[in-house]
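Student: What follows is a predicted protein model with its sequence.
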Amino acid sequence: MADTTFQAGSLSEMQTGYARLIRTRRMWNGAMLALFVALLIAGFMTADARNAGGFWNGIDNVFDFPVEVIGEAWEKSHLLPGHFAKYFPSLVETINIAAAATLVGVMAGAILSLLSTRGLARWPSLVGLFRRVSDILRAIPEIVIALVLIFVLGAGPVPAMIAIALHTAGAIGKLYSEVNENASLKPVEGLASVGANWSQRMMLGIVPQVAPNYLSYALLRFEINIRASAILGFVGAGGIGYDLKNAMSWGQGKFDEAAAIFILLFAAIVLFDQLSSYARHRLTTGART
Amino acid sequence: MSNAAILTETRGLFRRKRLVAAAIPAMVLAYLVYIFFAFGVPEMIRTADTKNARILVSDSYSYKTHVTRDNRSGDIQIAIEGERKGRYDAGTGPSWVTLGETTEILLDEGHIVLFGPEEIRYDIPGYGLVTANPGRGGVNARLPGGDVPDWINASKNRLTITTAAGRLTITRNRSEVFRYFTGWELFFFTLDSPYHGMGLGEVLGHAVSGEAGAIWQDFWTNKMWRHSDVAWAIFETILMAFLGTVGAALIALPLAFLAARNFTPLGAARFAARRLFDFLRGVDGLIWTVVLSRAFGPGPLTGALAILITDSGTFGKIFSEALENVDDKQIEGIRSTGAKPMQRYRFGVIPQVTPILLSQILYYLESNVRSATIIGAITGGGIGLLLTQAIITQKDWEEVTYYIVLIVLMVMVMDTLSGWLRRRLIHGKPA
């Protein structure tokens, strides 16, 4: 931005030149910052105006609902274990959706990534095509596929699983192809020289090199997918999200069930986050001996 | 060690490796089989509605025009997709309908339907003439002799004929013909616009001769496709993502200093900040969305705040890790010039972490545009809401297709834009 240049001359000339340079830069930065802040405020005002309840009215009520939920849960705390038992199968379903989607998506994504890495691709001329495929899979939000599939297949966990798996395949396809690019090609050449076909070259030459990275990204994806599967449940795809929606619609007096679901979901997310971060740590630094 | 011992040991090792290599795929397979039955896939395949799938696919690239006759009054109404918004004015119609005492409706492949004063006639090439006199005693249909083919469904009070050219339904009160066309109906102009039915060249001609404003007005306020509402919804979705992401970054940055070991020697403060981040992240976006919609009601602000709160936790964690990895030498250098703590942060730390922070913020902005679509469906804002509404009606699949295309384009544009900004801001490359 500041394309002010100055010739080397006397010291004072240099000083004024430098000062001028700094001034223009500061001015530009200041202007950009002001523009950005203005955009932020304008955006906030717009969103506020379009919202049913305004921000300043709502801010007082933010804690009303949590307080209500906690209050009711506290009052009926003797019922909570029963609620936990009641909703645990839904939680398992949510996690199963995430796990199955991660498994299927990661396998598809891994193949997609190998097909779209230069130097490894089965059909080198189709690298661009497979890249576009993973771009498109990544771009479609899960909810779009889930809702359409719910219409065709009926409500249940399968639409959510397929939707998450497709998105995962796209995301993993991109991440893994970056990993593949750093893999050494020597094992592949060695295997090629003894007559291995493409899938053998990939399974025996590339996968052992990249497996730790693959696993680590897959675990990260699993964390993300648990959240996605809970959200999709809320729009009708089964699992704990669906139960949460129902529990919310029963309204006051029944929030103890909502509280039980909140706690279950929170505990599951934290547990799997911790497990996966521990496992990823092991993968990057190796087992502590 | 003797050779034999080495050999047995190696063999044992190989056996174990082989076992592990076989066990992992076997476990994956076993899990998938379990899922197959736990999710009730066989049951689902049995009950899956292939009719719905067909409607969905055919409706996404074609539309139908309804010609409806009220059998009591004899009034005829022509409407695209049977909707009020696509209705032709009384006495007018498309070229394949000839209105009169006997209304003649031409379908494809020589099929002709006649709505007479008393009698309804459908001449089906290769089959024969079907007539009906709907009235008090039922539809009184007369078919050509022979077996009734399975594409004709006739009973006392209802006659349905479904052919490749269209569909005729007659009940006592109503006779209705559907004719199918390829494309998205009335995408640019509705029937009440003078520009409906004009070619591109013709419209451009009108635009050049000073009607550009009117043309744009007619397109923009198209009642069928609501282009202005859709554009606004897209904007709202991006706005949610923008406000959420940037707001989260602004909140997380100071807190991240609190959670970084090299900036906060006080263990308790560090611990508190970190647990706060964990809590914000652990209470999932879904829960925040539900809680916030109770306080703020439906709308884009609720969605923005839900993104903001969840991502504050994520950003806090990422930022504090980035801050723990800064190089102390630069801070020392700044300190040696006598800089106060604030100045040390500004000139010693911020320049080091900016590239990491910016690239993370841009990455999350991009991913939040997708999340905002989903959150919008829950809180009721943006393109997510339009999409769910269109899907719930279960008939406007062309609109659903349109929204899906727009959403994918929106995400891809944001993807490209954020990639370009990342290159520009971080590597200083002019794209």
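Tutor: That came through, no problem.
Student: Just list the residues touching A:Tyr217, thanks.
Tutor: A:Ile172, A:Leu175, A:Tyr176, A:Val179 (Cβ atoms under 8 Å, 6 or more residues apart in numbering or on different chains). In this view, the C-beta of every residue, glycine as well, is placed from N, C-alpha and C.
Student: check which helix or strand covers the nearest residue to the second one once chain neighbours are set aside.
Tutor: So the one you mean is A:Leu175. Closest residue to A:Leu175 apart from its sequence neighbours, by Cβ to Cβ, 6 or more residues apart in numbering or on different chains: A:Tyr217 at 5.2 Å. When elements are assigned from DSSP states H and E, A:Tyr217 belongs to helix A:207-232.
Student: B:Ile78 too?
Tutor: Going by DSSP H and E, B:Ile78 is part of strand B:76-80.
Student: do the same with B:Thr169
Tutor: strand B:166-171.
Student: what lines up beside that strand in the sheet?
Tutor: strand B:158-162 (antiparallel), strand B:174-182 (antiparallel) (DSSP bridges).
Student: Buried residues in that strand, which are they?
Tutor: For strand B:166-171, burial by neighbour count (16 or more other Cβ atoms under 10 Å in any protein chain shown) applies to B:Gly166, B:Arg167, B:Leu168, B:Thr169, B:Ile170.
Student: Kindly report the same for stretch B:339-349.
Tutor: B:Ala339, B:Arg344, B:Tyr345, B:Gly348, B:Val349.
Student: The fourth one in helix, strand or coil?
Tutor: To tie it back to what came earlier, the one meant is B:Gly348. helix (DSSP: H, G, I helix; E, B strand; the rest coil).
Student: And stretch A:238-253, how far out from the chain middle?
Tutor: Centre-to-centre, stretch A:238-253 and its host chain are 24 Å apart (Cα atoms, centre = their mean, to the nearest Å).
Student: Also stretch B:311-326?
Tutor: Distance, centroid of stretch B:311-326 to centroid of chain: 32 Å (Cα atoms, centre = their mean).
Student: what's the answer for stretch A:232-250, then?
Tutor: Distance, centroid of stretch A:232-250 to centroid of chain: 21 Å (Cα atoms, centre = their mean).
Student: how about that stretch: buried residues?
Tutor: A:232-245, A:247-248.
Student: and the end-to-end length of it?
Tutor: From its first residue to its last, stretch A:232-250 covers 20 Å (Cα to Cα, to the nearest Å).
Student: Any chance you could list what contacts that stretch?
Tutor: Stretch A:232-250 is contacted by residues A:87, A:90-91, A:93-94, A:97, A:142-143, A:146-147, A:150, A:155-157, A:159-160, A:163-164, A:229-231, A:254-255, A:257-258, A:261-262, A:264-265, B:286, B:290, B:374, B:377-378, B:388 when judged by Cβ under 8 Å, 6+ apart.
Student: Which of those residues fall in helices?
Tutor: Secondary structure from DSSP state H places A:87, A:90-91, A:93-94, A:97, A:142-143, A:146-147, A:150, A:157, A:159-160, A:163-164, A:229-231, A:255, A:257-258, A:261-262, A:264-265, B:286, B:290, B:374, B:377-378, B:388 of the contacts of stretch A:232-250 in helices.
Student: which SSE is A:Gln252 in?
Tutor: In this assignment (DSSP H and E), A:Gln252 forms part of neither any helix nor any strand.
Student: can you pull the contacts of it?
Tutor: A:Glu68 are the contacts of A:Gln252 under Cβ under 8 Å, 6+ apart.
Student: Tell me how far it lies from chain B.
Tutor: Computed as Cβ to the nearest Cβ, to the nearest Å, the A:Gln252 to chain B distance reads 11 Å.
Student: Which pLDDT does the model give that residue?
Tutor: pLDDT recorded at A:Gln252 is 70.
Student: same check, this time on A:Thr94
Tutor: Reported pLDDT for A:Thr94: 92.
Student: out of everything not next to it in sequence, what's closest to B:Ser193?
Tutor: Spatial nearest neighbour of B:Ser193, chain neighbours left out: B:Asp218 (4.1 Å); criterion: Cβ to Cβ, 6+ apart.
Student: What segments of the chain are helices?
Tutor: This is for chain A. Under DSSP H, chain A gives helices at A:11-50, A:55-58, A:64-75, A:80-115, A:127-139, A:142-153, A:157-181, A:186-193, A:198-201, A:207-232, A:240-250, A:255-285.
Student: wrong chain, I was asking about chain B
Tutor: So, for chain B - with DSSP H - the helices run B:3-38, B:41-47, B:50-61, B:200-206, B:212-220, B:227-259, B:267-282, B:285-296, B:300-324, B:328-336, B:341-344, B:350-379, B:382-393, B:397-426.
Student: mind putting the ones you listed in JSON lines, mean pLDDT included?
Tutor: Supplementary listing: the helices of chain B in JSON lines, determined by pLDDT from 0 to 100:
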{"stretch": "helix B:3-38", "mean pLDDT": "90"}
{"stretch": "helix B:41-47", "mean pLDDT": "84"}
{"stretch": "helix B:50-61", "mean pLDDT": "79"}
{"stretch": "helix B:200-206", "mean pLDDT": "77"}
{"stretch": "helix B:212-220", "mean pLDDT": "78"}
{"stretch": "helix B:227-259", "mean pLDDT": "91"}
{"stretch": "helix B:267-282", "mean pLDDT": "88"}
{"stretch": "helix B:285-296", "mean pLDDT": "84"}
{"stretch": "helix B:300-324", "mean pLDDT": "90"}
{"stretch": "helix B:328-336", "mean pLDDT": "88"}
{"stretch": "helix B:341-344", "mean pLDDT": "84"}
{"stretch": "helix B:350-379", "mean pLDDT": "88"}
{"stretch": "helix B:382-393", "mean pLDDT": "87"}
{"stretch": "helix B:397-426", "mean pLDDT": "86"}
